[in-house]
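K.L.:
3D model of this:
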Amino acid sequence: MTDHLTVVDHPLVQHKLTLMRDKGTSTAGFRRLLREITQLLAYEITREMPLTTTNIETPMEEMDAPILAGKKLALVSILRAGNGMLDGVLELIPSARVGFVGLYRDEETLQPVQYYFKAPEGLKDRLVIAVDPMLATGNSSAAAIDLLKEAGANNIRFLCLLASPEGVAKMKESHPDVPIVTASLDREINAKGYILPGLGDAGDRMFGTK
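P.N.:
This next block holds a predicted model:
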């Protein structure tokens, strides 16, 4: 655990992650588990959201009660696999604004190529949470954060299911101001940029594609 990286070692997170890693887990099961584990990770990544108070009446009396302060947060999916994490966070924070960053990895260079970007307005006034199940080489994630910063975001956090040491190092070098929350820091990436031991291609397992 560092200021830059938080590994959520909650027993439910680790149990669900093991089920997701198992190659025998079905597409439907993988999607359900990803939604559930994302909710648990979102609980951690939103821990320090600012609060203010509002005056309400309970059935018993009037009180000043805590409520989220400021503009609604922005949730940004790094396509396509990031979409599998959207629902988990949105179930917790249904009023969140949603954006999308479309990047694909060039299989030869392992560098990201952008094909789509659409973000909510007023990013400079919002907490922005970027979501992608895998932080592997870190190239796509760093490029996505570049785009968000160019759009005005200055309070960004990165939420992923698995991270590699290489990906964490790349993000720390490129964006030391962006905290990472993950369920596991895995051993390494292979020559093709896949996390080991990992869980395979999250997008393929989520959508049933090859």
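K.L.:
any idea how far Ser164 is from the nearest residue to Asp3 once chain neighbours are set aside?
P.N.:
Of all residues not flanking Asp3 in the chain, Pro179 sits nearest, at 6.9 Å (C-beta to C-beta, 6 or more residues apart in numbering). All C-beta spots, glycine's among them, are computed from the backbone N, C-alpha and C. Using C-beta to C-beta, to the nearest Å, Pro179 is found at 17 Å from Ser164.
K.L.:
Please identify which of the two sits among more neighbours.
P.N.:
Shown here are Pro179 and Ser164; by other C-beta atoms under 10 Å, Ser164 has more neighbours (26 against 18).
K.L.:
Please report how far the more buried one lies from Arg32.
P.N.:
According to C-beta to C-beta, Ser164 stands 25 Å off from Arg32.
K.L.:
where do the strands sit along this structure?
P.N.:
With DSSP state E as the criterion, the chain has strands at 5-7, 51-57, 62-68, 74-79, 97-105, 112-118, 128-131, 134-135, 156-159, 162-163, 180-182, 184-185, 188-189, 195-196.
K.L.:
I'd like to know which of those lies nearest to Glu91.
P.N.:
Closest approach to Glu91 among the strands of the chain is made by strand 74-79 (11.5 Å; C-beta to C-beta).
K.L.:
Partner strands of the closest one, with direction?
P.N.:
Strand 74-79 has its sheet partners listed here by DSSP bridges as strand 97-105 (parallel), strand 128-131 (parallel).
K.L.:
Show me the shaky parts of the chain.
P.N.:
Within the chain, the segments meeting pLDDT under 70 span 1-2, 110, 210.
K.L.:
now what about the longest helix along the chain, what contacts it?
P.N.:
Of all the elements of type helix in the chain, the one with the most residues (DSSP state H) is helix 27-45. Applying C-beta atoms under 8 Å, 6 or more residues apart in numbering, the contact partners of helix 27-45 are 6, 8, 10, 12-13, 16-17, 19-20, 25, 84-85, 87-89, 91-93, 129, 131, 133, 157, 159, 161, 179, 181-183, 202, 205-208.
K.L.:
okay, the angle between it and strand 74-79?
P.N.:
Between helix 27-45 and strand 74-79, the angle comes out at 140 degrees (axes from the mean of the first three to the mean of the last three C-alpha atoms, to 10 degrees).
K.L.:
Deepest-packed of the strands paired with strand 74-79, please.
P.N.:
strand 128-131 (a mean of 25; mean count of other C-beta atoms under 10 Å).
K.L.:
Only alpha carbons, please: show it as CSV.
P.N.:
Taking Å, rounded to 0.1, in the frame of the first residue of the first chain, the C-alpha atoms of strand 128-131 are listed here in CSV:
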residue,chain,number,x,y,z
VAL,A,128,-13.2,11.9,-12.1
ILE,A,129,-12.9,8.1,-11.8
ALA,A,130,-11.4,6.3,-14.8
VAL,A,131,-12.3,2.6,-15.0
